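A.B. asks: Fold the following and give me the result.
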Amino acid sequence: MIQKDYGRELGSSISEMFICDRVRGDSDYQRIPLKHMIGTAQPKLVEAITLMEANIEETIELDELASYVGLSRRQLERLFQKYLHCSPSKYYLKLRLYRARQLLRQTSMSIIEIATACGFVSSPHFSKCYRIHIGISPKAERVGTQGVALSNVPLVAAAIGQQNVVDLMEYNMTPLRSSKVLFEAQHEPTYGSVSL
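C.D. replies: Numbers count the residues shown, from 1 in each chain. So this is what the prediction gives:
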């Protein structure tokens, strides 16, 4: 929005001030640092997740991961359940799928290459996991990064307050201007006041 209203130079300068290596797009997943989510009181959990993040392509078995951080498998599972409300395996899968989503949206790598780069044994297995957890196939993600899966159209329409499917399709196909997005965001309960 800053680049659009005030130019690329100011947008880049502000980005550099915040040490951003790239400006996140509207549809990109915003990663919240783990230390902010669980605090610094669980260094073993942070260490385990750091290892997971560093080993997306060649995944680490859970027993091996527990051994690296100096815990038993059961202790590691309890930490994940207590602080992240899921098993280590499920968390690891989500990390790999979000990485795959980034690659689908931001690179021209083939789906087979992305599956391999994210530690999946085969393209069909990757596609099945992606569809189950993300809600659309990798191919649909690549083709319609800005679109909505047709099977979810009525649900999404209701969720964002559109009257019918046609309104939703127009909503998604019309490029949103930053001022419209800002106006809509101001009416969200979590919006912080920003003065430009």
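A.B. asks: among the helices and strands of this structure, which one scores worst on average pLDDT?
C.D. replies: helix 165-173 (a mean of 38; mean pLDDT, DSSP states H and E).
A.B. asks: Domains in this protein, by residue range?
C.D. replies: 56-143, 150-186 (automatic domain parsing).
A.B. asks: Report the secondary structure state of Glu58.
C.D. replies: At Glu58, secondary structure determined by DSSP: H, G, I helix; E, B strand; the rest coil is coil.
A.B. asks: Go ahead and confirm Arg142 touches Gln106.
C.D. replies: No: in this structure Arg142 lies outside contact range of Gln106 using Cβ atoms under 8 Å: 10.6 Å. The C-beta positions use only the backbone N, C-alpha and C, and glycine is treated the same way.
A.B. asks: more neighbours, the two?
C.D. replies: Neighbours were counted for Arg142 and for Gln106 using other Cβ atoms under 10 Å; Arg142 has more, 18 against 12.
A.B. asks: The more buried one in helix, strand or coil?
C.D. replies: With three-state DSSP as the criterion, Arg142 was assigned helix.
A.B. asks: any idea which helix is longest in this structure?
C.D. replies: Once the chain is assigned using DSSP state H, the helix that runs over the most residues is helix 88-106.
A.B. asks: and the following helix or strand past that one, average pLDDT?
C.D. replies: Downstream of helix 88-106, the next assigned helix or strand under DSSP states H and E is helix 111-117. When pLDDT is averaged over helix 111-117, the result is 96.
A.B. asks: Which positions within helix 111-117 qualify as buried?
C.D. replies: If you call a residue buried by 16 or more other Cβ atoms under 10 Å, then helix 111-117 has these buried ones: 111, 114-117.
A.B. asks: Which residue is the nearest non-sequential neighbour of Ser12?
C.D. replies: Nearest residue to Ser12 in three dimensions, chain neighbours excluded: Gln3, at 7.7 Å (Cβ to Cβ, 6 or more residues apart in numbering).
A.B. asks: Confirm for me that that neighbour is in contact with Leu10.
C.D. replies: Yes: look at Gln3 against Leu10 with Cβ under 8 Å: they come within range, at 7.4 Å.
A.B. asks: What segments of the protein are strands?
C.D. replies: Taking DSSP state E to define them, one finds no strands in the chain.
A.B. asks: so where's it uncertain?
C.D. replies: Flagging of the chain using pLDDT under 70 yields the residue ranges 16-40, 145-196.
A.B. asks: quick one, helices of it?
C.D. replies: Secondary structure of the chain, counting by DSSP H: helices at 2-6, 8-17, 34-38, 43-54, 62-69, 73-84, 88-106, 111-117, 123-134, 138-143, 153-159, 165-173, 178-186.
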